[in-house]
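Novice: What shape does this take:
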Amino acid sequence: MDERFSFISSGKKGLAQLSLQSVAIDPALKNIEAEGGRMMLDIFRGIFRGDKISKVVFSVIEVSSLSLAEQSILIWPGDGYDLPVFFCNLTQMPGMSFHIFDLIPVMDLVVWPRYGEKYLAGLPELRKKAAEHLKEGIAEKDFELTSPVAWTFSPYRILLKLKDEGVSRIAPLMEEYCRAYINLWQKAEPVRQPDEDAFCKRKKEALRKLMKENDPGYPIMVGIFGEENTKKQFDIVF
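Specialist: You can find the predicted model right below:
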């Protein structure tokens, strides 16, 4: 991955404790360049006392015709574990950029309130720290996200429109996000109740499907990289 993308670099550094191991994928899919843009992709599998993490994906998409760059980090929990999905995204464009961070729950927070207490209790504090760190670099808090992907988010997700000043200050926040997730990962234990395990697996599969089918960048990527390459990339990411 190009080291000039400090958002991704900070995430890799912050998540080093996950004991990540690179997963072999088609080399042609790791760096796809076409007239008008490029896609870069790294994928890892994290193993610690069992398969707590099924995969960690770092991706970068550049669309030169729109002067747009998107950096994303997704962590998918392994089967048998109810860890939230780590989702962190920075989309940059001239004059305005967007930052999203959340620990997406894989259990129902009403049916299993202890899940929220265990995994999401620290998110309000992370949101507060983000606002304090970025300060006047924030153009808008909690902007409207029209994509159905918003249905997956927790009540405490971080959605920010950023000025250029805010973008330049965002990389250090990755340390906070990664530290919070690693703390949860270290404490995670296998789901022992069959009904909870079944729901967790169903929710993760539904989450993958919803995110894959409603990514707002998909039509743009198809126009630049072709449907076959874009679909293969999305299959890897999600």
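Novice: gap between Lys232 and Trp185?
Specialist: As for Lys232, its distance to Trp185 is 28 Å (criterion: CB to CB, to the nearest Å). Where C-beta positions appear, they are placed from N, C-alpha and C, glycine not excepted.
Novice: ok, the two, which is more surrounded?
Specialist: Trp185 (22 against 18; other CB atoms under 10 Å).
Novice: quick one: buried residues of the helix or strand the more buried one falls within?
Specialist: For Trp185, the element it lies in under DSSP states H and E is helix 173-187. For helix 173-187, the buried set under the neighbour-count rule, 16 or more other CB atoms under 10 Å, comprises 173-174, 176-178, 180-182, 184-185.
Novice: which residue ranges form the helices in the protein?
Specialist: Defined through DSSP state H, the helices belonging to the chain, from first to last, are 6-14, 27-30, 113-119, 123-134, 164-168, 173-187, 194-214, 218-225, 227-237.
Novice: Check which helices and strands the fifth one is in contact with.
Specialist: Based on contacts counted as 3 or more CB pairs under 8 Å, 6 or more residues apart in numbering; DSSP states H and E, the elements that helix 164-168 packs against are strand 96-104.
Novice: need the helices of the chain in TSV with mean pLDDT and distance to Pro84, can you?
Specialist: Listed next are the helices of the chain as TSV, based on pLDDT from 0 to 100; distance: least, CB to CB, whole Å:
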stretch	mean pLDDT	distance to Pro84
helix 6-14	87	16
helix 27-30	80	27
helix 113-119	95	5
helix 123-134	93	9
helix 164-168	88	25
helix 173-187	92	7
helix 194-214	94	10
helix 218-225	83	24
helix 227-237	86	17
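Novice: Of the ones you listed, which is nearest Arg38?
Specialist: Across these, Arg38 has its closest neighbour in helix 218-225 (8.5 Å, CB to CB).
Novice: Check which helices and strands that closest one is in contact with.
Specialist: When contacts are defined as 3+ CB pairs under 8 Å, 6+ apart, helix 218-225 sits against strand 31-34, strand 37-46, strand 53-63, helix 227-237.
Novice: Dump the C-alpha coordinates for it into CSV.
Specialist: Once non-C-alpha atoms are left out, helix 218-225 reads as follows in CSV (Å, rounded to 0.1, in the frame of the first residue of the first chain):
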residue,chain,number,x,y,z
TYR,A,218,-19.9,1.0,-7.0
PRO,A,219,-21.3,2.6,-10.2
ILE,A,220,-18.4,5.0,-10.4
MET,A,221,-15.9,2.2,-10.0
VAL,A,222,-17.6,0.1,-12.7
GLY,A,223,-17.4,3.0,-15.1
ILE,A,224,-13.6,3.2,-14.6
PHE,A,225,-12.4,-0.3,-13.8
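Novice: can you list contacts of stretch 160-169?
Specialist: With contact meaning CB atoms under 8 Å, 6 or more residues apart in numbering, stretch 160-169 is reached by 90, 92, 96-100, 130, 133-134, 136-141, 143, 170.
Novice: Those residues, buried ones only, as a ChimeraX selection?
Specialist: Selecting only the buried entries of the contacts of stretch 160-169 in ChimeraX, with 16+ other CB under 10 Å as the criterion:
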select :90,92,97,98,99,100,130,134,137,138,139,170
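Novice: Quick check, central residue of the chain?
Specialist: The C-alpha lying nearest the average C-alpha coordinate of the chain belongs to Phe87 (CA atoms, centre = their mean; 2.3 Å).
Novice: What is the burial count for the closest residue in space to Ile61 that isn't next to it in sequence?
Specialist: Of all residues not flanking Ile61 in the chain, Glu70 sits nearest, at 4.5 Å (CB to CB, 6 or more residues apart in numbering). Under the neighbour criterion other CB under 10 Å, Glu70 is assigned a count of 21.
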